Structure formats: C-alpha cells, structure tokens
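*Asks:* pasting the sequence and the predicted model now:
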Amino acid sequence: MDGPVLWAAWAAGLAGAFYLLLPPGGWRRRRTPATLLAACLPALAAVLLAAAVVLAAHWLLVYALYAFPDVLPPEVLAWSVAAVGALLLALFRIRSARRRPQPSRRWVPAAASAAAVACLLGLSAVQINAYFGLNHTLGDLAGTAVARVQPLEQELQRRPGERPVGLAGWTPPPGLPAAGLVRKAAIPGTASGFRSRDAYVYLPPAYQASPRPALPVLVLVSGQPGGPSDWLTGGALRSRMDAFARAHHGVAPVVVVVDPNGAPEANTLCMDSRLARADTFLATDVPAWIRGTLDVDPNPRQWAAGGFSFGATCAVQLATRHPDIYSAALAFSSEEEPALAKERHRTIEAAFGGDTAAFERQIPLRLLEERRYDGAAYFAAGERDTQFVRYLDVLSAAAQRAGFSVRRQLVPGVGHSWEVAARALPSGLDFLAARWGIAP
C-alpha cells in the first residue's frame, strides 16, 4: 500500500504501459496525421473493448450471479479496465510480430509483451488492494503472519476455580506484558448446526494476569467476500487493540472474530433463513462458547458486536435483534440492510422464498421503528464512499430515535476500504470505554 513495493509496481507498470502503447516499429515512421491516427487506433480499440468486457463481467457478477450485493467502486473498475486493456494490446503486438519476415526473432515481442502485461497486472492488483486496504504487507498477502497464529491453549482458557475481579477493584500487577495475544479456535455450531471457519481471539495484557479482571467482550465480523483473518490484516486488529490497552493500564476487551458465512464467497445475511441458521450461531453458539471458554464479564452491557461492511451490517442486526446479548455496536461501513443482490426481491426470494414479511421482521430499520433500546452505536464510513455515507445517515438517525447513544465518524480520503475499520476502531473503542468502565 506504500513504500518500495508500491513504487516498484508503479515503475514497472508505467514501463509496461509505455511498451504496449508504442506502435510496432516505433513512432519515427508515423509522420503524417493519418499515420499517427492509425498507430493510435489499436490502443483506443483495446481500451474500449476492455471497458466493455469489464462492464459486462461486472453486470454478470452483480446482477446475475449475485457475487456482490452492490456495484463495485469506479476506481476498482478503472484498474480492471487497465489490466484487460494491457492483455488485449499484448495480443495485438504478438499478432503483428507473426507477420515479420524474421521468424527467429518473433519470440522477442511475445516475451516483452508478456512481461509488460505482468507489470500492468501487478500495478492494477496493487492499486485495487490499496483501495480496499486489505493487505498491508507482503506477509499479509502470503498469509504467513496469520498462519503463525497458535491454537488457544488450555492455560488461556477459563479458570473454573478462579472468579475474575471486577474492573473497578482490579490493579495491574507488576510485570504485566506489554502486548496482547492472538489465538485461533473452532467454535462449534451446537444449537445452529452451522459450520464456521476458525475464529481469532485477542486477549489483552490484563487477561494474562492472575487474577484476571472481568473484561468486556467485542465480537467482530469481517466483510464479504472475506474471512475472519481479514481483521488481522486489513483491520490491523492486534496493533489497534494493543494501543488501546497501553492507554488503559493493560485493559481492553477480549475480542473474538467469528465467521457467520462458512466460506469466502458465502453470504448468510447473518440471519436464520433458508440459507443457514447464522443468527442462532451468533446469538446462541458464539456467546455460549465465549462464556464457557474465556474469563469475561457476562453482563450484556459489557458486550458489543462490530464489523466492516457485511460485518458492520451484521453487528447492527445483532444489537437490534439481541440487545440482551449485544448491547452495543461498532459499525464500520454498514449497509442499510442485509443483501444478497442489488435488487431487494432477489435477496428475499433466495433467503425467504419470497416472504417479504419474514425478511423485514429481522432487519434493523424495522426493529428500530418498533422497539426502544438502551444501547450504544458507533457508525463510521469513508468520506468518499457516498452510498455508504447515506446508509450511515439513515441508520444513525434511526438508532438515535430508538434510544441508542450514537456517535458518527467520516474517515477522510477513503472509500469502501478496510482503512475505515482500521482508522475508526480506536475512536469506537474510546466511545465504548466509559460504558465498559475502562478508565484511562
């Protein structure tokens, strides 16, 4: 996203673009307007055809296959056009090279074109990644950091014979670790029958003390497509939580990043529907596992749900459907309501067999109209993400009318990016700190 890899990608990409845009034989022979125009036509045709291909694929993914519930950002589409256009220009150059009278040298343009395409594909991939803010390092991309996360060991689990001390009466002991721990664990779908991917657990320095304080709980959900590990990479979870803990004498919430989808491409809407019993998993199985496995405060006032994009929508659903379990929400770039497709009726048909009433009984805006709450909700969105800023306006106003204590944040300079979650999480934690009784 910055540093040597980004600049190397730009240098290679510009060099590749220069080569592909250079007409076979160079510009020296193009001395008249007609010949110059003829030399530019392949590049113009490649761009137009690439745009048509990308838009057609985008329409297919959004409106036919329902791979995304909303349209992709213009920046992502533009870089996709650049990648496809590079491939088309390379094919043109290779075709032109076959007409040359020297067969022994025909492989040179093909090899150079392939290298140029690879450079432009690399630049496009880096720019798309920078927009979404998912992989900050090469280790994130390769998954090496996540692969090193250890399973949750027995000594970090709940101590049956020892009751956690209330936060007000707990004092940090000498030698408290400076950083928290990240572990992974499998959460069984005992009541829901749901099979999730491994969850990730952040345990703050205070959790490693003896006796442990009764710590709050933050259950996080990632975007879709994606998985729980995205919170460790794009969300920079560990560094953000460690910074909060350092500012609060080692105290921070226990964070459990859960998976309500089961696969990167799946979308359960975080509901109980024909798709899965995801709501039962999140509202029954996950809390039961946390209370039975970890030393935490069981008081619902000390529990919050949070997430980015799909996960933010899920967090708002949990806080409105189950305020007796999750009394607060951190919603980073939330949708207005859960969706499988851009057309609402397709979501209802796929998940509820066309039963609109069954769908609407579970959506946050309906519940915020019908109920009163004593919770807290933090909404954030990227300043450039205009559609999701509108969702933020609608949801935050409805939550405030329903009794939630509400705070809003627009993150400057970003769109629908994991950078929203990474940059807004500290402010969201500060917003909930007083509610949790965590003193600076």
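*Replies:* All right, it came through fine.

*Asks:* identify the residues contacting the spatially closest residue to residue 362 that is not a sequence neighbour.
*Replies:* Of all residues not flanking residue 362 in the chain, residue 271 sits nearest, at 5.4 Å (Cβ to Cβ, 6 or more residues apart in numbering). All C-beta spots, glycine's among them, are computed from the backbone N, C-alpha and C. The contact partners of residue 271, taken as Cβ atoms under 8 Å, 6 or more residues apart in numbering, are 278, 279, 317, 338, 351, 362.

*Asks:* quick one, phi psi at residue 271?
*Replies:* phi -130, psi 160 (degrees, to the nearest 10).

*Asks:* strands along the stretch 101-250 of the chain, start to end?
*Replies:* 150-151, 181-185, 199-203, 217-221 (DSSP state E, counting those that start in this stretch).

*Asks:* which of these sits most buried?
*Replies:* strand 217-221 (a mean of 27; mean count of other Cβ atoms under 10 Å).

*Asks:* and the average pLDDT for stretch 205-225 is what?
*Replies:* Taken as a whole, stretch 205-225 has a mean pLDDT of 95.

*Asks:* buried ones in it?
*Replies:* 205-209, 212-224 (16 or more other Cβ atoms under 10 Å).

*Asks:* pull up the distance across that stretch, start to finish.
*Replies:* The first and last residues of stretch 205-225 sit 32 Å apart, counting by Cα to Cα, to the nearest Å.

*Asks:* run the chain-centre distance for that stretch.
*Replies:* Centroid separation for stretch 205-225 versus its chain: 20 Å, with Cα atoms, centre = their mean, to the nearest Å.

*Asks:* repeat for stretch 179-195
*Replies:* 19 Å.

*Asks:* convert the C-alpha atoms of that stretch to PDB, please.
*Replies:* Provided in PDB are the C-alpha atoms of stretch 179-195 (Å, rounded to 0.1, in the frame of the first residue of the first chain):
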ATOM      1  CA  ALA A 179       1.200  -6.700  24.300                       C
ATOM      2  CA  GLY A 180      -1.800  -8.900  24.000                       C
ATOM      3  CA  LEU A 181      -2.000 -12.400  22.500                       C
ATOM      4  CA  VAL A 182      -3.800 -13.600  19.300                       C
ATOM      5  CA  ARG A 183      -5.000 -17.200  19.100                       C
ATOM      6  CA  LYS A 184      -7.400 -19.200  16.900                       C
ATOM      7  CA  ALA A 185     -10.200 -21.600  18.000                       C
ATOM      8  CA  ALA A 186     -13.000 -23.500  16.500                       C
ATOM      9  CA  ILE A 187     -16.500 -22.500  17.700                       C
ATOM     10  CA  PRO A 188     -19.000 -25.400  17.300                       C
ATOM     11  CA  GLY A 189     -22.400 -24.800  16.000                       C
ATOM     12  CA  THR A 190     -24.100 -26.800  18.700                       C
ATOM     13  CA  ALA A 191     -27.500 -25.200  18.500                       C
ATOM     14  CA  SER A 192     -27.400 -23.900  14.900                       C
ATOM     15  CA  GLY A 193     -25.700 -26.800  13.200                       C
ATOM     16  CA  PHE A 194     -23.600 -24.200  11.400                       C
ATOM     17  CA  ARG A 195     -20.000 -25.000  10.400                       C
END
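
*Asks:* residues making contact with that stretch?
*Replies:* 149-153, 156, 196, 198-205, 207-208, 232, 237-238, 241-242, 245, 252, 258, 260, 262, 276-278, 280-281, 284-286, 288-289, 293.

*Asks:* mind checking which of those residues are buried?
*Replies:* 149, 152, 156, 196, 198-205, 207-208, 232, 237-238, 241-242, 245, 252, 258, 260, 262, 276-278, 280-281, 284-286, 289, 293.

*Asks:* among these, name the ones in helices.
*Replies:* The helices, defined by DSSP state H, take in 232, 237, 238, 241, 242, 245, 278, 280, 286, 289, 293 from the buried ones among the contacts of stretch 179-195.

*Asks:* what's the closest of those residues to residue 132?
*Replies:* residue 232 (15.2 Å; Cβ to Cβ).

*Asks:* any idea how far that closest one is from residue 200?
*Replies:* In this structure, residue 232 and residue 200 are 6 Å apart, going by Cβ to Cβ, to the nearest Å.

*Asks:* name the residues contacting each of these two.
*Replies:* In contact with both residue 232 and residue 200: 149, 182, 257, using Cβ under 8 Å, 6+ apart.

*Asks:* what is the burial count for the last one?
*Replies:* Other residues near residue 257 number 27, with proximity taken as other Cβ atoms under 10 Å.

*Asks:* for the stretch 1-150 of the chain, which segments count as helices?
*Replies:* With DSSP state H, counting those that start in this stretch as the criterion, the stretch 1-150 of the chain has helices at 4-21, 33-59, 74-97, 107-132, 138-142, 144-147.

*Asks:* want to throw those into JSON lines with distance to residue 343, mean pLDDT and mean neighbour count?
*Replies:* Shown next, in JSON lines, are the helices of the stretch 1-150 of the chain (distance: least, Cβ to Cβ, whole Å; pLDDT from 0 to 100; neighbours: other Cβ atoms under 10 Å):
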{"stretch": "helix 4-21", "distance to residue 343": "37", "mean pLDDT": "88", "mean neighbour count": "16"}
{"stretch": "helix 33-59", "distance to residue 343": "13", "mean pLDDT": "80", "mean neighbour count": "14"}
{"stretch": "helix 74-97", "distance to residue 343": "20", "mean pLDDT": "85", "mean neighbour count": "19"}
{"stretch": "helix 107-132", "distance to residue 343": "24", "mean pLDDT": "87", "mean neighbour count": "19"}
{"stretch": "helix 138-142", "distance to residue 343": "34", "mean pLDDT": "81", "mean neighbour count": "14"}
{"stretch": "helix 144-147", "distance to residue 343": "35", "mean pLDDT": "84", "mean neighbour count": "14"}
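
*Asks:* quick one: closest of these to residue 371.
*Replies:* helix 107-132 (34.5 Å).

*Asks:* next one: that closest one to chain centre, how far?
*Replies:* Worked out by Cα atoms, centre = their mean, helix 107-132 lies 25 Å from the chain centre.

*Asks:* next, the angle from that helix to helix 4-21.
*Replies:* Here helix 107-132 points in a direction 140 degrees away from that of helix 4-21 (axes from the mean of the first three to the mean of the last three Cα atoms, to 10 degrees).
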